[in-house]
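In: How does the following fold in three dimensions:
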Amino acid sequence: MLYRYLRVPVVASLVLSFFLATPLSCQAEEPLRGFDIKARHFAEDCRDEIQQQFKLLLTGGKLTVAQLFDTFYIPIPGTDPQKYHTQYDGMVDGILRPILDSYLEASKRFIFVVAVDRNGYLPTHNTRYSQPLTGDQAADAVHNRTKRLFNDRTGLAAARNLEPYLLQRYSRDTGEIMSDLSVPIFVEGQHWGALRIGYK
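Out: Residues are numbered from 1 along each chain as shown. Here you go, the predicted structure:
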């Protein structure tokens, strides 16, 4: 079911907090080694499945290209951190989540596997990060992260990368070193966004 709310353009100004990144490196051409190679292969396979599903939605007449590229993010009332609807997020929830979850479960090192648009908007998160809202801001920020704009430096770099892949490493506020490997998603020859895999 499509969400048809009054359109209100939103200036992308939110900051990713849970995975707040202090980039250690931003490398599109660094030769990949070890687990990074495996992550890239998973990212490409997952990306291909998502692109295929987007194509089916378009050819099946369930979405138009304009709807799939909708960037008029509609604030969802009562959400903090703020969440947003688009013209397509309700439609793709049940389609993307099983795909994303299956890749997330492929390795215990994977922390998240998500698809984001060019502005870092994340329409459908993994099941583990899409738990019911509780009203506890701290808890919801960790357990319900779907439909948010992740437009921090790392998130935007991944979302807007047009190279075959982008590997970024950064330090979380816990001191852990995280890796974020992303590959671009294209729809009808247009850059839609990216498939991101975060891993330790």
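In: Could you use CA atoms for every contact and neighbour count after this?
Out: Fine.
In: so how far is the top helix by length along the chain off the chain centroid?
Out: In the chain, with assignment by DSSP state H, the single longest helix is helix 35-59. Distance of helix 35-59 from the chain centroid (C-alpha atoms, centre = their mean, to the nearest Å) equals 13 Å.
In: Ok, stretch 86-103 next?
Out: The offset between the C-alpha centroid of stretch 86-103 and the centroid of the whole chain comes to 11 Å, using C-alpha atoms, centre = their mean.
In: can you start the count at 16 instead of 1 from here on
Out: New numbering, starting at 16: the last item is stretch 101-118.
In: Strands along this protein, start to end?
Out: If DSSP state E is used as the criterion, the strands of the chain fall at 37-42, 89-90, 99-100, 125-132, 136-137, 163-164, 181-186, 192-202, 205-214.
In: The fourth one packs against which elements?
Out: Right, the one you point to is strand 125-132. Secondary structure elements in contact with strand 125-132, counted by 3 or more C-alpha pairs under 8 Å, 6 or more residues apart in numbering; DSSP states H and E, are helix 104-119, strand 136-137, strand 205-214.
In: how many neighbours does residue 183 have?
Out: The burial metric for residue 183, expressed as a neighbour count using other C-alpha atoms under 10 Å, is 21.
In: What's opposite the closest residue to residue 131 other than its chain neighbours in the beta bridge?
Out: The spatially closest residue to residue 131, leaving aside those adjacent along the chain, is residue 137, at 4.6 Å (C-alpha to C-alpha, 6 or more residues apart in numbering). Applying DSSP bridges to residue 137 gives these bridge partners: residue 163.
In: For burial, what's the neighbour tally of residue 137?
Out: With other C-alpha under 10 Å as criterion, residue 137 counts 24.
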